[in-house]
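A.B. asks: following is a predicted model, sequence given first.
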Amino acid sequence: MKKIEVEVAVVAGGPAGLAAAITACENDRKTILFEKSNTTGGAANMGMGVLGIDTPIQRSNFNDIDFQTAFRKHMEYTHYRVNGPLVSAYFRKSADTVEWLQDMGVEFAGSFRYSKDSEATWHIVKPESGPIGPRAASGMIKIMTNHAVELGCEICYETPVYDLIVEDGKVCGVLARDKNGEEIECRAKAVVVATGGFGSSAEMIKDELGLNLGVDQFTFMVPGVVGDGLKMMWKAGAQKYGMNMEVAGGIRSGNYSSTEMVFSQADLLVNRDGIRFMPESDMLNSTFFGNAIGDQPGRVAYSIIDGSIAKRYQKSGYPHISIVHGSESHVNIMADLQAAEEDKCPTIWHADTIEELAEKIGIDPDVLAETVDEYNDACDCGYDSLFGKDHQDLRPLTGRGGYYAAECRPGAYGTIGGVKVNAKCQVLDKDCRPIPGLYSAGTDANTIYGDSYNFKLPGNSMGFAVNTGRLAGDGIEDYLD
């Protein structure tokens, strides 16, 4: 067995682990980072940016939001069922973290809203090429990784940690195994676990949350995110706490460039019983959309449009665009819908009549026809008496060009939570006392959303990861002094 001695050992090299490692190195602590894959970043490589509160970038664009406003918004959104001191520490550090990243060489395209009713807290990384969009943050991960190495952090790739070393109630190292099968005993004065949750483990999602991955719940399926860090911390005495999904509603629309946007435009939504269940305008908030679908029979819903609506979108563009999904895809709408039909896509349907569409989906035709009639009446009078849907989204289904439907399911970026930490990111035991030497950051410790991700303050997940990584690094310095 290979034996190593360091001051700080970090488990996993996502944004939280990298931030913790960099901070420890900045504090002149001998640091090692173990990463089970052959690259750093994890889910963050698909992300876009971090939350920032009261940053120079926001102020320069007149989009500033102060700490007090952001804190109150978040705590009220979560009904105060979250750790206030942890939220406070994170939000207060966020502006400094944006500048910390800039000093490293990270460039931001600006601060953005996710939707019209959110704040411009999302500091999206300027992409290495092309327009801003998914994967923009991969450039930030490269810069953080290089900076960690420059500061002296040793990064061990393809070397998963499989257990924590605990002696006399203190965590004092980790056990790992490299790609050649060699065992490693790494002694450390403090350990940070930041393994990203268990969003790709069907077994844990079933056992801990009662959901069926790939059936009634979908995630990004990031390789290797299977809860190993949480299991190690639980074994070491950590309190099992606050597990949930970072829910975001999803259109199951196949690999056609425009279909996700087409069926996300706040047209008619029904459940498998053929009835409406929410004001469709609110589906633009992906968390609200996912939560609402998850409460329906079979955890499924259907977005319905007709050919005339599709052609209108193709000609004039989408009424609701997204910074995440390219709006230029509207030019492909009719071709994509035709391709989906020809390919017999199992989650997109086309029919000449609403009754035929209902039969293809498996909905009672009479019920769906009645729902469409009632919905069209609301569109004609410009007022939705059932849910008060925004009048500008009341587009009647005339049936010209036939009817189209797509399956909608609860999606998720991954899981959140699993252990409870304090504002220094110390992992707490069942009595809410810190376990000496054990820290956690990022998704494993993210219990600040209550029951729903907060799209009102976008950039939260990556922002929480980077900032809690730094908080853990600072907390370790207090612990070691």
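C.D. replies: Received it, and whenever you're ready, just let me know what you need.

A.B. asks: any idea how far the closest residue to Q217 other than its chain neighbours lies from Q296?
C.D. replies: Beyond its immediate neighbours in the sequence, the residue positioned closest to Q217 (CB to CB, 6 or more residues apart in numbering) is L211, lying 4.0 Å away. C-beta coordinates here come from the backbone N, C-alpha and C atoms, glycine included. From L211 across to Q296, the span is 14 Å (CB to CB, to the nearest Å).

A.B. asks: picking that back up, now the residue nearest to Q217, what are its backbone angles?
C.D. replies: Its backbone dihedrals place L211 at phi -110, psi 160, with angles given as degrees, to the nearest 10.

A.B. asks: quick check: it touching I205?
C.D. replies: Yes - look at L211 against I205 with CB atoms under 8 Å: they come within range, at 5.3 Å.

A.B. asks: compare the two (neighbour count), which wins?
C.D. replies: The neighbour comparison of L211 against I205 (other CB atoms under 10 Å) goes to I205, with 25 against 18.

A.B. asks: what sits against that one?
C.D. replies: I205 makes contacts with 198-199, 211-213, 217, 219, 245, 415, as judged by CB atoms under 8 Å, 6 or more residues apart in numbering.

A.B. asks: again, but for S329
C.D. replies: Listed by CB under 8 Å, 6+ apart, the contact partners of S329 are 257-258, 261.

A.B. asks: of these, grab the buried ones for ChimeraX.
C.D. replies: With 16 or more other CB atoms under 10 Å as the criterion, this ChimeraX line picks the buried residues out of those:
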select :257,258,261
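
A.B. asks: please identify the buried residues of the host helix or strand of L368?
C.D. replies: Assigned by DSSP states H and E, L368 belongs to helix 365-381. Applying a neighbour-count criterion of 16+ other CB under 10 Å, the buried positions in helix 365-381 are 365, 368-369, 371-372, 375-376, 378-379.

A.B. asks: which other helices and strands does it contact?
C.D. replies: strand 268-271, helix 354-361 (3 or more CB pairs under 8 Å, 6 or more residues apart in numbering; DSSP states H and E).

A.B. asks: so which of the ones you listed gets nearest T23?
C.D. replies: The closest of these to T23 is strand 268-271. By CB to CB, the value is 45.0 Å.

A.B. asks: what does the very next helix or strand once past the closest one contact?
C.D. replies: Taking DSSP H and E as the definition, the helix or strand that follows strand 268-271 towards the C-terminus is helix 286-294. With contacts defined as CB under 8 Å, 6+ apart, helix 286-294 is touched by 247-250, 277-278, 282-283, 299-301, 408-412, 451-455.

A.B. asks: still on that earlier bit, just the buried residues of the contacts of I205.
C.D. replies: With neighbours counted using 16+ other CB under 10 Å, these contain these buried positions: 198-199, 211, 213, 217, 219, 245, 415.

A.B. asks: out of these, which are inside strands?
C.D. replies: When strands are assigned by DSSP state E, the members of the buried ones among the contacts of I205 inside them are 219, 245, 415.

A.B. asks: list the contacts of the residue nearest to E107 when sequence neighbours are not counted.
C.D. replies: In this structure, E107 finds its nearest non-sequential neighbour in K126, 4.2 Å apart by CB to CB, 6+ apart. Residues in contact with K126 (CB under 8 Å, 6+ apart) are 107-109, 132, 136, 139.

A.B. asks: quick check: G290 vs L386, distance?
C.D. replies: Note on G290: its distance to L386, by CB to CB, is 21 Å.

A.B. asks: ignore the last one, D393
C.D. replies: Distance, D393 to L386, by CB to CB: 14 Å.

A.B. asks: ok, L268 touching G274?
C.D. replies: No - shown here, L268 and G274 do not form a contact pair, counting by CB under 8 Å, at 10.8 Å.

A.B. asks: intersection of neighbour lists for these two?
C.D. replies: Residues touching both L268 and G274 (CB under 8 Å, 6+ apart): T371.

A.B. asks: higher neighbour count, the two?
C.D. replies: L268 (25 against 21).

A.B. asks: grab the nearest non-local neighbour of that one.
C.D. replies: Setting aside the residues directly before and after it, L268 is nearest to I304 in space (CB to CB, 6+ apart), at 4.5 Å.
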